[in-house]
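Asks: when you get a sec, could you give me coordinates for this:
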Amino acid sequence: MDRAEMRKKVEEVTSLPTLPGSVTRITRMLDDSDITTSEVGREIEKDQVFSAKVLKLVNSGFYGFSQPISTIQHAMVLLGFEVAKTLILSTSVLDMMSKSMTGLWPHSLACARTCVIIARYLDLDDPEEVSVTGLLHDLGKVVLEAHVNDVFEVVVEVMEDRNILFYEAEIEVMEINHATVGGWLLQKWQLPGKIVEPVMYHHDFHPSRTHAVRTGIVHLADILVRAEGFGSGGDRRIPVVSEAAMEAMELRQDDLQEIMDEMMEDMRGVIR
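Replies: Coordinates of the predicted model:
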């Protein structure tokens, strides 16, 4: 199956992580510059199932809040509109991700938290926004397993037989990898480039891209989390850190050790 055929097949199924009517209404509200957090909070609270999913994700350890967040209004104030919009969309695949490949949910959660650590280390604005890309970076694997399972099973077989990385097996089988698939889905959800690009290119870093630093953060977080065994990305091998990504983030080996130490402390007793 070539790239064009795979894109057609994926785009036929990307509506299946269904965005409920309430999600569509809320995301439109979040695009309104005159809307208040209270108004958005009240709209979310109208859907009890959806409210429960949002609070579950907020309290899952994703953001590392020291105290439980018990109300949607409180969550909205803490997160801000941009993060809230992506979080709300993320809840639509939360159940799929938690029921997907063994270890993928804790891996994604650990990656999200590590993205925050790296973003703060780099003194980036809105580190919580960067964390959403970490949470969603392997979304394409969920789509492939759930909706293109015949291809997914061939990928797993090639990966195991050749003892290669998951994304390398994907490229051999279908000329693209899960990062591309995840990017296509996020584009269909009309998320901004600063969210889409880091997901789409976290295995294919290039310094000339618009959001290179954010992409580098997700690329590095994914590898550090794999190296320390937090969850599983579906394979046993660890990708090599891109030197170009390190240069784009202006990080050296000493910085990497500090980041890893903070990651280990942050994740202690939370994710494994």
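
Asks: show me the contacts for Arg162.
Replies: Arg162 sits next to Ala169 when contact means C-beta atoms under 8 Å, 6 or more residues apart in numbering. The C-beta positions use only the backbone N, C-alpha and C, and glycine is treated the same way.

Asks: measure it to Leu185 for me?
Replies: As judged by C-beta to C-beta, to the nearest Å, Arg162 and Leu185 stand 27 Å apart.

Asks: show me the shaky parts of the stretch 1-150 of the chain.
Replies: For the stretch 1-150 of the chain, the stretches flagged by pLDDT under 70 are 1-3, 6-7, 9-24, 60-66, 82-83, 85-87, 89-96, 98.

Asks: so what would you say the end-to-end distance of stretch 123-130 is?
Replies: This stretch, stretch 123-130, spans 12 Å end to end (C-alpha to C-alpha, to the nearest Å).

Asks: repeat for stretch 181-197
Replies: 12 Å.

Asks: for that stretch, give the mean pLDDT please.
Replies: Mean per-residue pLDDT for stretch 181-197: 84.

Asks: same question for stretch 246-260.
Replies: 94.

Asks: which parts of that stretch are buried?
Replies: Met246, Ala248, Met249, Leu251, Leu256, Ile259 (16 or more other C-beta atoms under 10 Å).

Asks: what do you get for stretch 119-126?
Replies: Ala119, Tyr121, Leu122, Leu124.

Asks: list of residues touching that stretch?
Replies: Contacts for stretch 119-126 (C-beta under 8 Å, 6+ apart): 80, 82-83, 127, 130-131, 213-214, 217, 249-251, 255, 258-259, 262.

Asks: isn't Ala110 up against Phe230?
Replies: Yes. Taking C-beta atoms under 8 Å as the definition, Ala110 is a contact partner of Phe230 at 3.7 Å.

Asks: and those two? Which one has more around it.
Replies: Ala110 (28 against 24; other C-beta atoms under 10 Å).

Asks: what strand or helix carries the more buried one?
Replies: Taking DSSP states H and E as the definition, one finds Ala110 inside helix 104-121.

Asks: report the buried residues of that helix.
Replies: Applying 16+ other C-beta under 10 Å to helix 104-121 flags 104-119, 121 as buried.

Asks: cool, stretch 159-167 as well?
Replies: Buried, per 16+ other C-beta under 10 Å, within stretch 159-167: Met159, Ile164, Leu165, Phe166, Tyr167.

Asks: and for stretch 171-187?
Replies: Buried residues in stretch 171-187 (16+ other C-beta under 10 Å): 171, 173-174, 176-187.

Asks: about what we covered before: pick the one among the buried residues of stretch 119-126 closest to Leu224.
Replies: Tyr121 (11.9 Å; C-beta to C-beta).

Asks: re earlier: and the buried residues of stretch 159-167 as JSON lines, adding pLDDT, distance to Ile26 and secondary structure?
Replies: Shown next, in JSON lines, are the buried residues of stretch 159-167 (pLDDT from 0 to 100; distance: C-beta to C-beta, whole Å; DSSP: H, G, I helix; E, B strand; the rest coil):
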{"residue": "Met159", "pLDDT": "94", "distance to Ile26": "38", "secondary structure": "helix"}
{"residue": "Ile164", "pLDDT": "94", "distance to Ile26": "41", "secondary structure": "coil"}
{"residue": "Leu165", "pLDDT": "95", "distance to Ile26": "37", "secondary structure": "coil"}
{"residue": "Phe166", "pLDDT": "94", "distance to Ile26": "33", "secondary structure": "helix"}
{"residue": "Tyr167", "pLDDT": "94", "distance to Ile26": "33", "secondary structure": "helix"}
